[in-house]
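Q: prediction below, plus the sequence it came from.
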Amino acid sequence: MKDPEVKKLVSATSYELINFVYNYLKECGWKSTFNYSRRAPTQFMAKTLEIPKGSVSGFIKYVDYCYLLSKNFTEKDEAARYSENHGTSIYFSVVLYWLLVYFGVLSEKKLQLCQGYFRYKTRADKVPEPRYRVGLHAWLSYNDAVMDVTIWQQGELFDFERRGFTIPVITGNIPEGMKLIGFEEDRTLAKEYARKFARDSELTFCEWVNYHGQQADLLYNARKLEQEPDHFAAG
């Protein structure tokens, strides 16, 4: 299923766009905790992401895990169930949310699951039109700073590298020309989504989070070993 697009953003109002997103969420089987058309959406701005001391390594571990898995999951992986319904960003935002909260990296009181849309002008060297693109998207907000591990999916039409994003993961700094517009959902939605993902895999919520925690540990340890010098190399 192709990402939804609004081909004439110049003539589309923010009210029309947010209704487009709200209706598309429902059409794809996703949820929201309120009617988007009754509130004004927020444009999330670049802000320094301040991670508590002692939590940086855990934060990096779980962000890396979600980013790398979002780029490399197979048909056998849990994530594949949701990719056809524009759920990749929702799924990995929820996984990251609970890894950070469940393992004590960030406080849930300051962490929000956000749903809305991305909006940007497409690269000049890409054809055909539209010149502008918008699509259903989800991310996290921590003290109003954005965390987004799946925005890399727009790399074909949005030039991240020219804007200094060698690895297109947003951790506070939003690239110039990329807009993230939407809402902070009630925290109950993050739990509802997680329970659904766990249930679909025939796991309890705790088993589901622990499974992803174990997988993140395995990846982290494997990458750490790769980075260590070979102590047995000839001097």
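A: Looks like it arrived, so ask away. Because the structure is a prediction, the values reported are computed rather than measured.

Q: ok, which stretches of the protein are strands?
A: With strands called from DSSP state E, the chain shows them at 42-44, 111-121, 132-142, 145-148, 170-171, 178-184.

Q: tabulate these in CSV, adding columns for mean pLDDT and mean neighbour count.
A: Where C-beta positions appear, they are placed from N, C-alpha and C, glycine not excepted. Converted to CSV, the strands of the chain look like this (pLDDT from 0 to 100; neighbours: other CB atoms under 10 Å):
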stretch, mean pLDDT, mean neighbour count
strand 42-44, 96, 16
strand 111-121, 96, 22
strand 132-142, 94, 23
strand 145-148, 98, 23
strand 170-171, 98, 21
strand 178-184, 97, 20
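
Q: ranking helices and strands of this structure by mean pLDDT, which lands last?
A: Here the helix or strand of the chain ranked lowest by mean pLDDT, DSSP states H and E is helix 14-27, holding a mean of 90.

Q: packing partners of it?
A: Packed against helix 14-27 by the contact rule (3 or more CB pairs under 8 Å, 6 or more residues apart in numbering; DSSP states H and E) you find strand 111-121, strand 132-142, strand 178-184.

Q: tell me what the second one is packed against?
A: Secondary structure elements in contact with strand 132-142, counted by 3+ CB pairs under 8 Å, 6+ apart, are helix 14-27, helix 88-102, strand 111-121, strand 145-148, strand 178-184.

Q: tilt between that strand and strand 178-184?
A: 50 degrees (axes from the mean of the first three to the mean of the last three CA atoms, to 10 degrees).

Q: which sections of the protein are below the confidence cut-off?
A: Scanning the chain for pLDDT under 70 picks out the ranges 1-11, 126-130, 228-235.
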